[in-house]
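Undergrad: fold the following for me, if possible:
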Amino acid sequence: LPALPSHQLEVVYFGGCGGNLHLIVGKIDENLRYDIWELKEDYSGWIVRYYIDLRSIKSYGHGHVDVSCVVRQPPKEDEDEESMLAILVVDMKKFVAYNLKDHSSRIFHERREPYLPYFHPPFFETLADVI
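TA: Next up is the predicted model:
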C-alpha cells in the first residue's frame with residue numbers, strides 16, 4: 001500500500017467483483033482522490049489499478065461522497081470490453097455510476113429523502129434457503 005503512515009489513510013471500500021478483490025484507499029486530509037488497489041491474480045501483492053477523481057463529480061453536489069461498491073458492467077453492443085464502475089452516493093441522495101476507465105460519470109438514481117446505508121451481508125443461495 002502507499003508509503004504513508006497508516007493513520008493518514010482511510011479504507012473506504014473492501015470487496016470483490018468479478019473474481020477480483022478491490023481495496024479503495026484515500027488520504028484522510030485530501031478527499032479528492034481515491035486509489036483503487038486490486039489483488040494480483042497470484043495473490044502476491046496489491047497494485048493500483050484505477051482511481052476516482054472526485055473533482056469531476058462536484059457538479060452533482062458539494063457534500064459528502066461515499067463509495068458504495070465496485071462493479072463490472074457488460075460491454076455495450078458497440079464496445080469490445082466491459083467497463084469497471086464505482087457506485088458513489090453523493091449527499092446521501094444521488095447515486096452516481098463513475099466509470100473507472102474514462103472517468104465519466106452519470107446520476108442513475110436520485111432520492112428525495114436521504115439514503116441511510118445499513119450493513120447488509122451478501123446473499124448466497126444455498127439449500128438452506130430452499131428448505
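
Undergrad: okay, V90: pLDDT?
TA: Per-residue confidence at V90 stands at 85 (pLDDT).

Undergrad: OK, contacts around it?
TA: Neighbour list for V90: 57, 60-61, 63-65, 96 [criterion: C-beta atoms under 8 Å, 6 or more residues apart in numbering]. The way it works is simple: take the backbone N, C-alpha and C, and place the C-beta from them, glycine included.

Undergrad: quick check: ChimeraX command selecting the buried ones in the residues you listed.
TA: Only the buried entries of the contacts of V90 go into this ChimeraX selection, using 16 or more other C-beta atoms under 10 Å:
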select :57,60,65,96
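
Undergrad: which of the contacts of V90 sits closest to P74?
TA: Using C-beta to C-beta, V96 comes nearest to P74 of the contacts of V90, at 19.3 Å.

Undergrad: dig out what the residue lying closest to that closest one once chain neighbours are set aside forms beta bridges with.
TA: Excluding the flanking residues, the one nearest V96 by C-beta to C-beta, 6 or more residues apart in numbering is L88, at 4.4 Å. Going by DSSP bridges, L88 is paired in beta bridges with V67, V96.

Undergrad: wait, L88 sits on Y98?
TA: Yes. With contact defined as C-beta atoms under 8 Å, L88 reaches Y98; the gap is 5.5 Å.

Undergrad: show me the common contact partners of those two, please.
TA: By the contact definition C-beta under 8 Å, 6+ apart, L88 and Y98 are jointly contacted by 52, 57, 105.

Undergrad: list the contacts for the first one?
TA: Spelled out, it's I52. Here I52 is in contact with 24, 33-34, 36, 67, 86, 88, 98, 100 (criterion: C-beta under 8 Å, 6+ apart).

Undergrad: could you pick out the buried ones from those residues?
TA: 24, 34, 36, 67, 86, 88, 98, 100.

Undergrad: next one, pLDDT for the last one please.
TA: For L100, the model assigns a pLDDT of 91.

Undergrad: do I have it right that it meets I87?
TA: No. L100 is beyond contact range of I87, at 11.0 Å (criterion: C-beta under 8 Å).

Undergrad: overlap in contacts, the two.
TA: Counting by C-beta under 8 Å, 6+ apart, the residues touching both L100 and I87 are V70.
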